[in-house]
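[1] After the sequence you'll find the predicted model.
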Amino acid sequence: MTWGDQKQIHLIRHGQSTFNAAYAEAGEDPMYFDAPLSPLGEEQVVALRGDVAGLTLDLVVTSPFTRAVQTCLGAFGGRGLPIIVEASHRERLGASCDVGRSPLLLARDFPELEFDHLDDPWWYVEDNVDGPWADEPLDVLDERIATFRTWLAARPEKRIAVVGHSMFFHAMTGHVFANCEVLALEI
């Protein structure tokens, strides 16, 4: 697959979230909106930091979901790398954890990052839905993948780490990601 000039991209799924942990235990949506990392997820991020310490990077991109931002800052914070928050590679909305929070709330919780360029809401929202959300249609996800690929291709940086989500990355690559797994791509 060619997206323009050759780039080295490292796709990284976030660490285990409190939603992931509760869902694995009970098998049903625990109604954790914008779920943060679980204690296990925090441990996974510590290991990830060691795994990515040797990567030479020009840019780190994170989804605005709290679990991704926490993973990003835990793995790359303090390295002096530019970090951009980008919503186009957010998770496909299909559960409570995929409903985000206002950019104002995110900026309060993560003052080292900029969120003011995000729409509010920046996650998928469908009008006239009974219940707290509607699942994001696959054609909308496909459009977002194309948008994200175009965005990456237009970036001047050649070595980019992208912290994101399993369903988005799976739809983009066909690979099933474990928590904090890194997949390197040449594009």
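    Here it is on my side, so go on.

[2] just the helices in the protein please.
    With helices called from DSSP state H, the chain shows them at 18-26, 39-52, 66-76, 103-109, 138-154, 166-173.

[3] now those as JSON lines including distance to Ala184?
    All C-beta atoms are positioned from the backbone trio N, CA, C, and that covers glycine. Below are these laid out as JSON lines (distance: least, Cβ to Cβ, whole Å):
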{"stretch": "helix 18-26", "distance to Ala184": "24"}
{"stretch": "helix 39-52", "distance to Ala184": "11"}
{"stretch": "helix 66-76", "distance to Ala184": "15"}
{"stretch": "helix 103-109", "distance to Ala184": "28"}
{"stretch": "helix 138-154", "distance to Ala184": "14"}
{"stretch": "helix 166-173", "distance to Ala184": "11"}
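
[4] Can you tell me which of those helices is most buried?
    By mean neighbour count, with neighbours taken as mean count of other Cβ atoms under 10 Å, helix 66-76 ranks first of the helices of the chain at a mean of 25.

[5] What I need now is the helices of the chain written out in TSV, including distance to Trp122 and mean pLDDT for each item.
    Conversion of those to TSV gives the following (distance: least, Cβ to Cβ, whole Å; pLDDT from 0 to 100):
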stretch	distance to Trp122	mean pLDDT
helix 18-26	18	95
helix 39-52	22	98
helix 66-76	12	98
helix 103-109	7	98
helix 138-154	12	96
helix 166-173	14	97
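
[6] Quick check, central residue of the chain?
    Among the residues of the chain, Gly164 comes closest to the average C-alpha position under Cα atoms, centre = their mean, at 2.2 Å.

[7] which residues does that one bridge with?
    Per DSSP bridges, residues listed as beta-bridge partners of Gly164: Arg13.

[8] ok, now how distant is it from Glu42?
    In this structure, Gly164 and Glu42 are separated by 18 Å, where distance is defined by Cβ to Cβ, to the nearest Å.

[9] repeat for Thr71
    Note on Thr71: its distance to Glu42, by Cβ to Cβ, is 9 Å.

[10] Spit out the residues that contact those two alike.
    Common contacts of Thr71 and Glu42 (Cβ atoms under 8 Å, 6 or more residues apart in numbering): Gly15.

[11] closest one to Glu86 among the helices of the chain?
    Distance to Glu86, taken as Cβ to Cβ, is lowest for helix 138-154 among the helices of the chain, at 6.9 Å.

[12] what angle sits between that closest one and helix 166-173?
    Angular relation of helix 138-154 and helix 166-173 on a 0 to 180 degree scale: 70 degrees, by axes from the mean of the first three to the mean of the last three Cα atoms, to 10 degrees.

[13] Having no further points to raise, I will conclude here.
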